[in-house]
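# Predicted structure and sequence below. I'll ask about it afterward.
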Amino acid sequence: MSTDYETSITEWHGKRFAHLTAGDGWLNVIGRFWLDDGSVTIGSAADNDLILPAGPAHLGTVTQEPALVLFEPADPAQASVSLVPNPASPPKFSFGSLRFEVTTMDGRNALRIRDIDAPERLNFPGLDYFATDPNWRITAEWSRLAAPEELGIDTVAGVATTVQVTHLAAFTHDGVRYELLPTHGTAEKPQFVIRDLTSRAETYGAARFVYGEDLTENSIVLDFNKAFNPPCAFTDHAVCPLPPPQNVLPFRIEAGEKRPN
C-alpha cells in the first residue's frame, strides 16, 4: 500500500473527527421538533410545549407563519428573531450555549437544537475504522441515465422523501456487476447511501454514506475507506435516508467507519 495513500486516509480520519465534534456537528443535537402553524413555548421546564433536556427553564415562544419562523424570547431584554426557511441553507440563531436551526424536509419545517456544551460532544472518545485497504478504492463506470428518475427514499424516522437520480455508478466485485445510485449530494460531489453485510455487526445497521470522487464524464472513484456513519448513528434527532434496494450489497465491505461505541 502506498504510504501517501495511507497518509491521506489518516488525514481524512482527522478531518472527519473535527467535523463530527465541531459546534455544528452531530454529537450535540439535543432536540428536533416538527413545526406546525401557530405558536409553541420552548424551554427545559415541564410546562413548555417543546421540552429540552438542557438550557433555561423558559426560553421563549416559537411561531410558524406561512413564510416565516419567529422566535420571541421570554426575557424581554432579548431581541426577537425572524427566520426565512431555506432548505439549502437552514437559518440559525444562538441563545447562550444553544444553537437553533430551522430545517426543511419535503416542504415541512422543523426546529433543531444543539447544545455546544453537550457532554456527548466534549467527551467523545473517537471513531473506529477497518484497516485501510487500497483495494476498496474502486474506479467505477459513471453513466448518465437516459432520463432523470424520481425515486422514493425512506428514512430512519419513517418520513418518506423523493429524490431525483440522474446517474449511476457501476463496478464489478467477485465477477458480479453492481450498480449504485447517488441519491443525495451534488452533481460535483454525489453521495451514495449504502448498506453491506458488515451492517449485521460491525457497521451501523441502517446505512453508511460515501461520496464519489475524481469524476470524469465516464468514471467515478468510490473510496469505501472513506465510508462513514450517517448522523442518526450519533443522535436520535436526525432524519437519515435509507439506501435504495440497488445500494444494498450482498457482500462485506471491510473498509471505512465502524459503528459508534
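The structure has been received and is ready for your questions.
# Go ahead and flag the most central residue of the chain.
The chain has residue 231 as the residue nearest its centroid, 4.4 Å off, counting by Cα atoms, centre = their mean.
# For that one, grab phi and psi.
phi -60, psi -30 (degrees, to the nearest 10).
# Not counting sequence-adjacent ones, nearest residue to it?
residue 238 (3.8 Å; Cβ to Cβ, 6 or more residues apart in numbering). Any C-beta I mention is one placed from the backbone N, CA and C, and that applies to glycine too.
# quick one: the one you found and residue 29, what's the gap?
Here residue 238 is placed at a distance of 7 Å from residue 29 (Cβ to Cβ, to the nearest Å).
# Need the residues touching each of those two.
residue 231 (Cβ atoms under 8 Å, 6 or more residues apart in numbering).
# neighbour-wise, which of those two wins?
Each of residue 238 and residue 29 has its neighbours counted (other Cβ atoms under 10 Å); residue 29 has more, 23 against 18.
# for that one, what are its contacts?
Contacts here follow Cβ under 8 Å, 6+ apart; on that basis residue 29 touches 112, 113, 114, 231, 235, 237, 238.
# number of nearby residues for the first one?
The one in question is residue 112. 20.
# Surely it is within a strand?
Yes - residue state for residue 112 (DSSP: H, G, I helix; E, B strand; the rest coil) corresponds to a strand.
# got the contact list for it?
Here residue 112 is in contact with 29, 31, 32, 90, 100, 101, 102, 103, 237 (criterion: Cβ under 8 Å, 6+ apart).
# Try it again at 10 Å.
Applying Cβ atoms under 10 Å, 6 or more residues apart in numbering to residue 112 gives the contacts 29-33, 90, 92, 99-103, 235, 237-239.
# Please pick the buried ones from those residues.
29-33, 90, 99-103, 235, 237-239 (16 or more other Cβ atoms under 10 Å).
# that older thread, looking at the contacts of residue 112, which are in strands?
Among the contacts of residue 112, the members falling in strands (DSSP state E) are 29, 30, 31, 32, 33, 92, 99, 100, 101, 102, 103.
# Which pLDDT does the model give the fourth one?
Spelled out, that is residue 32. Residue 32 carries a pLDDT value of 95.
# And it, how far from residue 151?
From residue 32 over to residue 151 (counting by Cβ to Cβ), the distance is 25 Å.
# again, but for the last one
The span separating residue 103 from residue 151 equals 21 Å under the rule Cβ to Cβ.
# one step back: out of the ones in strands among the contacts of residue 112, which comes closest to residue 81?
residue 100 (8.3 Å; Cβ to Cβ).
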